[in-house]
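Asker: with the input below, show me the fold.
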Amino acid sequence: MAAFTPTPGQLSFVEELVAHYQQNQGPIKRSLDSLHSFIPEAEALRPLIHSVKHRMKDPSNLRDKLLRKLKEAHDEGSEFDISQENLFMKINDLGGYRILHLHTTQVDQINKALLKILQDEAQFSLIEGPKANVWDKESESYFQSIGITVEYNPRLYSSVHYIIQPNNKAKVTLEIQVRTLSEEIWGEVDHKFNYPHSIDSVACREQIRVLARLASSCSRLVDSIFASHADWNKGKTNQS
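Answerer: This next block holds a predicted model:
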């Protein structure tokens with residue numbers, strides 16, 4: 001199959017979509033602010049989370065994503081169906097919210113608390129998720145055991161994703177990510193070098209893959225520390 005090269009008309013349309021995003025960010029920003037007014041201080045979440053981050057998608061990254069979707073539509077022989085009218089619904093990560101926590105076994109409680117807050121307090125509808133991106137069997141088994149759908153990610157990316165929509169007239173979606181601090185280190189490094197395009201350096205790519213495994217091992221060690229402390233504390237309680 002011949003390499004895909006966007007036509008001048010397609011490139012112009014992508015630029016129109018990017019400009020539309022830049023000129024109409026208000027509903028996304030307001031939705032992010034609304035979400036942020038609930039999450040950090042929620043009584044059920046506060047003991048479980050370490051910190052939160054939120055951001056708007058960089059226009060250059062949106063441009064790259066739209067060009068990738070153009071190529072995917074070409075390769076699959078399907079229609080490129082993104083327009084100004086549905087851009088904020090079709091591209092779910094124009095507004096992103098990230099919840100960082102210490103150890104993996106907190107996800108069960110975080111998930112339950114987050115779903116309740118979205119529905120009862122923050123007034124958001126769950127459009128998709130929760131879905132865990134995993135690359136190893138141990139993580140897959142854990143997430144399945146707490147009722148979270150899993151999807152294999154060959155890039156060794158680990159995170160739980162939610163797509164939400166505010167319960168108002170704004171036709172926008174947001175993405176929530178939940179991950180450990182260890183996974184966040186890998187994610188930030190990988191994003192620096194591998195997003196939106198993979199780095200050409202084989203050595204650098206392999207080092208980032210090693211970092212993913214180290215981050216996973218670090219998360220498991222933290223899990224073990226918390227489990228050991230809980231067991232020790234239980235023993236002390238039983239002795240008293």
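
Asker: what pLDDT does Lys90 get?
Answerer: Lys90 is assigned 95 on the pLDDT scale.

Asker: oh, that last question was meant for Arg205, not what I typed.
Answerer: Arg205 is assigned 89 on the pLDDT scale.

Asker: do the same with Ser240
Answerer: Confidence at Ser240, expressed as pLDDT, is 62.

Asker: same deal with Ala2?
Answerer: Per-residue confidence (pLDDT) for Ala2: 61.

Asker: swap in the one 10 residues further on?
Answerer: As predicted, Ser12 sits at a pLDDT of 97.

Asker: got it, and the one 3 residues further on?
Answerer: As predicted, Glu15 sits at a pLDDT of 98.

Asker: which of the helices or strands spans it?
Answerer: helix 8-23 (DSSP states H and E).

Asker: touching that helix from outside, list them.
Answerer: The contact list for helix 8-23, computed with Cβ atoms under 8 Å, 6 or more residues apart in numbering, reads 6, 57, 59, 62-63, 66-67, 70, 80, 82-84, 87-88, 94. Quick note: C-beta positions are derived from backbone N, CA and C, even for glycine.

Asker: again, but for stretch 187-194
Answerer: By Cβ under 8 Å, 6+ apart, the list of residues contacting stretch 187-194 from outside reads 155, 157, 159, 179, 199, 204-205, 208, 211-212.

Asker: quick one: distance of the longest strand seen in the chain to the chain centre.
Answerer: Counting residues, the longest strand found in the chain (DSSP state E) is strand 124-134. Distance of strand 124-134 from the chain centroid (Cα atoms, centre = their mean, to the nearest Å) equals 9 Å.

Asker: which neighbours does it have in its sheet, and in what orientation?
Answerer: Here strand 124-134 is paired, per DSSP bridges, with strand 149-152 (parallel), strand 159-166 (antiparallel).

Asker: residue nearest the middle of the chain, spatially speaking?
Answerer: Central residue of the chain (Cα atoms, centre = their mean): Gln177, 3.5 Å from the mean position.

Asker: no further questions, thank you.
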